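> fold the stuff below for me.
(one chain, ligands or ions: 1)
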Amino acid sequence: MSKRHPIIAGNWKMNKNVREAQDYAGELLARVGEVTDVDVVVCAPFTALNALKDDLEESVIHIGAQDLFWGSAGAFTGEISAEMLVDIACTYVIVGHSERREILHETDEEIAKKVKAALKAGLTPILCVGENLAHREEGRALAMVRGQVEKDLMDLPPAELKRVVIAYEPLWAIGTGKTASSQDAQDMCSAIRSTLAGIAGAVADEVNILYGGSVKADNIAELMTQPDIDGALVGGASLDAEGFAQLIENAR
Ligand code: PEP
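You can find the predicted model right below:
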């Protein structure tokens, strides 16, 4: 029997100041503060995390960051460590989002180090993988995504690997309004699970795999019916607390 628990994670990206974060936290708490059959995660910019700690630390809503550095402390100007995130009540962190891979040229080698650092500090990494439009059109989507999963989770023992959440996010569906069909999303999430089984055996069944890419309140329910989709990573539709609460409701 599957031990997976659905997760709906919002990714604010580079949006919201402290005041806006506080207002959002109050509103989300009022609407989904009693929800326990779905793990709700809010991944905020570093500057808003402390405000979320004040409002959400004691609640069922989890606080997540959008990135971290692999070192614990020291001469890494501008970086934030996993330990610092734990200190401000984060329990999740996004790693390897496509915007960081594309715009900031993050490599799989760096992403693998970030995944390990997150796990070591007790954080749940949400590892993002996904192909771009050219990969898909050329029939290379599967190879691309498999390669990312294998490289980014390299050398992790099964007991660690099962603590990773994977978000399949086809680049062509992020922020474009184009969602992968639920069957396409299911096919890739199933392929990711097979890849995990090849790396780590039976624990693959315990790994939460999310879909991300223009997920909204009106398409989440169908995505959630797919056997290998355990939730969603949501960008644009997580920015409004009321709309995000509705999306969470429709995922249940
Ligand atoms: C994302 O940022 O991870 C994402 C999936 O964005 P959107 O929902 O806006 O496509």
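
> Provide the backbone phi and psi angles at residue 166.
The phi and psi values for residue 166, taken as degrees, to the nearest 10, are phi -110, psi 130.

> what sits against it?
By CB atoms under 8 Å, 6 or more residues apart in numbering, residue 166 lies in contact with 126-127, 129, 149, 192, 196, 207-210. Every residue, glycine included, has its C-beta placed from N, CA and C.

> between which two of these is the distance greatest?
By the measure CB to CB, 126 and 196 form the most distant pair in the contacts of residue 166, at 14.9 Å.

> these two: who's more crowded?
Neighbours were counted for residue 126 and for residue 196 using other CB atoms under 10 Å; residue 126 has more, 29 against 24.

> you'd agree that one is up against residue 210?
Yes - counting by CB atoms under 8 Å, residue 126 touches residue 210, with 7.2 Å between them.

> residue 9 and residue 45, how far apart?
To residue 45, residue 9 is 15 Å away according to CB to CB, to the nearest Å.

> off-centre distance for the helix or strand where residue 167 lies?
Per DSSP states H and E, residue 167 falls inside strand 165-168. Mean-position distance between strand 165-168 and its chain equals 6 Å (CA atoms, centre = their mean, to the nearest Å).

> is any part of that strand close to the ligand?
No - judged by CB under 6 Å from any ligand atom, strand 165-168 and the ligand are separated, with a smallest distance of 6.9 Å.

> partners of that strand in the sheet?
Sheet pairing for strand 165-168, assigned by DSSP bridges, gives strand 124-129 (parallel), strand 209-212 (parallel).

> residue contacts, the closest residue to the ligand within the chain?
Nearest residue of the chain to the ligand: residue 235, at 2.2 Å (CB to the nearest ligand atom). Residue 235 makes contact with 10-11, 13, 174-175, 212 under the criterion CB under 8 Å, 6+ apart.

> make a markdown table out of the residues you listed and add secondary structure.
As requested, those are exported to a markdown table (DSSP: H, G, I helix; E, B strand; the rest coil):
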| residue | secondary structure |
| --- | --- |
| 10 | strand |
| 11 | strand |
| 13 | coil |
| 174 | coil |
| 175 | coil |
| 212 | strand |
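
> would you mind trimming those residues to those in range of the ligand?
Counting by CB under 6 Å from any ligand atom, 11, 13, 174-175, 212 from the contacts of residue 235 sit close to the ligand.

> if we can go back for a sec, confidence score at the residue of the chain closest to the ligand?
Note for residue 235: predicted pLDDT of 97.

> ditto for residue 179
pLDDT for residue 179: 79.

> quick one: contacts for the nearest residue to it once chain neighbours are set aside?
Closest residue in space to residue 179, ignoring its immediate chain neighbours: residue 214 at 4.6 Å, by CB to CB, 6 or more residues apart in numbering. Listed by CB under 8 Å, 6+ apart, the contact partners of residue 214 are 173-179, 236-237.

> let me know the secondary structure of residue 214.
Criterion first, three-state DSSP; result for residue 214: coil.

> what does residue 64 give?
Applying three-state DSSP: residue 64 is strand.

> show me the contacts for the nearest residue to it once chain neighbours are set aside.
Nearest residue to residue 64, sequence neighbours excluded (CB to CB, 6+ apart): residue 92, at 3.3 Å. By CB under 8 Å, 6+ apart, the contact set of residue 92 is 9, 41, 43, 62-65, 123-126, 165.

> pull up the residues of the stretch 151-252 of the chain that are close to the ligand.
Within reach of the ligand by CB under 6 Å from any ligand atom, the stretch 151-252 of the chain has these residues: 169, 174-175, 212-215, 233-237.
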